[in-house]
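Chemist: Could you work out the structure for the sequence below:
(chains A and B)
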Amino acid sequence: MLTETEKKVISALQGNIPVCERPYLELAQGLGMSEEEFLKTAKGLDERAIIRRFGATLKHQKSGYTANAMVAWSVDEARVQEVGPTMAGFDEVSHCYRRNPTETWPYNLYTMIHAFDEPACHAIAEKISKAVGVEAYILLFSRKELKKTSMRYFD
Amino acid sequence: MPQIDDIDKKIINGIQAHFPIEPRPFRAIARDLDLDEAQVIARVKQLKEEGIIRRIGGNFSPDKLGFHSTLCAASVPEDKIDLFTKTVNSYPGVTHNYTRSHTYNIWFTFIAQSVDIIKNNLEEISKTTGVSGILNLPATDVFKISAKFKV
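Modeler: From the prediction side, this is the model:
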């Protein structure tokens, strides 16, 4: 359970923190609390891993990663718990999840792959495929960004 | 693409995962990288202006805040893409939405306070747009989430 103070701090940290000498003082003042209380609360959220990652989010296109592929894999369920962590171990893989397959969609493991171009994404997928011995997979390249925002919680 | 030099790269690599939670975070970063605080602040401002850094802040796990998240996919005919996009994007819980190279051509993430809200919203989207059979693929296992890239 989150306290009201924690929810306020989350709502401040989920935005864009000010780039100045004392950003937390500025955020704390906006919430009517002390910098000390704000920092203590933020640290508590960080220690409990309620903050998944705290830092700069880059615009990938501008930092040189121009191709990203979502690779959907069809993996024998008995092997998922072994294959998932192996795929996650590749540096080129940023996300790796298991999802339930559906009647019209047979895939159950998903990896996001980032590389400099689309052939490089194919090469990485092939490398992973060989490493885990899974041959049923497809690459879905993002063509157009229709929306990209961060979720606003407790606003 | 704007030019970034080695100092910019050091700063970017230094602040992606663990931005310091202490009164003067930019001083702490500067100390780690052997730079000075004013220089780090000026460069980070510049990197944000150029759009290389999209934001600096916290990323939260929806489930740890009591929220549910899912990945959805739809097979949308060409002439309905605009309507479908407009409809889907109007939900605040839809945070990412892309067209992708497949007959399931639109993929979006949905975060809400319960699985039922997500289900109902997907039904509503189908009704509004006439696009049925939207895949709802919540994650059952998370093996990796990392948004850190070496530049």
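Chemist: which strands and helices sit next to the biggest helix by length in chain A?
Modeler: Longest helix of chain A, by residue count under DSSP state H: helix A:118-132. Where contact means 3 or more C-beta pairs under 8 Å, 6 or more residues apart in numbering or on different chains; DSSP states H and E, helix A:118-132 is packed against strand A:67-73, helix A:80-88, strand A:109-115, strand A:137-148. No exception for glycine: its C-beta is placed from N, CA and C like everyone else's.
Chemist: Now render those as CSV, adding distance to chain B, mean pLDDT and mean neighbour count.
Modeler: Listed next are the helices and strands packed on helix A:118-132 as CSV, based on distance: least, C-beta to the nearest C-beta, whole Å; pLDDT from 0 to 100; neighbours: other C-beta atoms under 10 Å in any protein chain shown:
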stretch, distance to chain B, mean pLDDT, mean neighbour count
strand A:67-73, 7, 93, 22
helix A:80-88, 4, 97, 18
strand A:109-115, 7, 94, 22
strand A:137-148, 4, 94, 16
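Chemist: Pipe those into a markdown table and attach distance to residue B:89 per row.
Modeler: Listed next are these as a markdown table, based on distance: least, C-beta to C-beta, whole Å:
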| stretch | distance to residue B:89 |
| --- | --- |
| strand A:67-73 | 19 |
| helix A:80-88 | 30 |
| strand A:109-115 | 21 |
| strand A:137-148 | 5 |
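Chemist: ok so, going back, so what touches the longest helix of chain A?
Modeler: A:67-69, A:71, A:75, A:83, A:86-87, A:90, A:92-93, A:111, A:113-115, A:135, A:137, A:139, A:141 (C-beta atoms under 8 Å, 6 or more residues apart in numbering or on different chains).
Chemist: The same query, at a cut-off of 7 Å, please.
Modeler: Under the criterion C-beta atoms under 7 Å, 6 or more residues apart in numbering or on different chains, residues A:67, A:69, A:71, A:83, A:86-87, A:90, A:92, A:113, A:115, A:135, A:137, A:139, A:141 lie in contact with helix A:118-132.
Chemist: secondary structure element for residue B:38?
Modeler: Taking DSSP states H and E as the definition, residue B:38 sits inside helix B:37-49.
Chemist: Now that helix: buried residues?
Modeler: B:37, B:40-41, B:43-44, B:47-48 (16 or more other C-beta atoms under 10 Å in any protein chain shown).
Chemist: Can I take it that residue B:111 is in a strand?
Modeler: Yes - counting by DSSP: H, G, I helix; E, B strand; the rest coil, residue B:111 falls inside a strand.
Chemist: got the contact list for it?
Modeler: By C-beta under 7 Å, 6+ apart, the neighbours of residue B:111 are A:151, B:62, B:67, B:69, B:93, B:95.
Chemist: Swap in 8 Å and give it another go.
Modeler: Residue B:111 neighbours (C-beta under 8 Å, 6+ apart): A:151, B:62, B:67-69, B:93, B:95.
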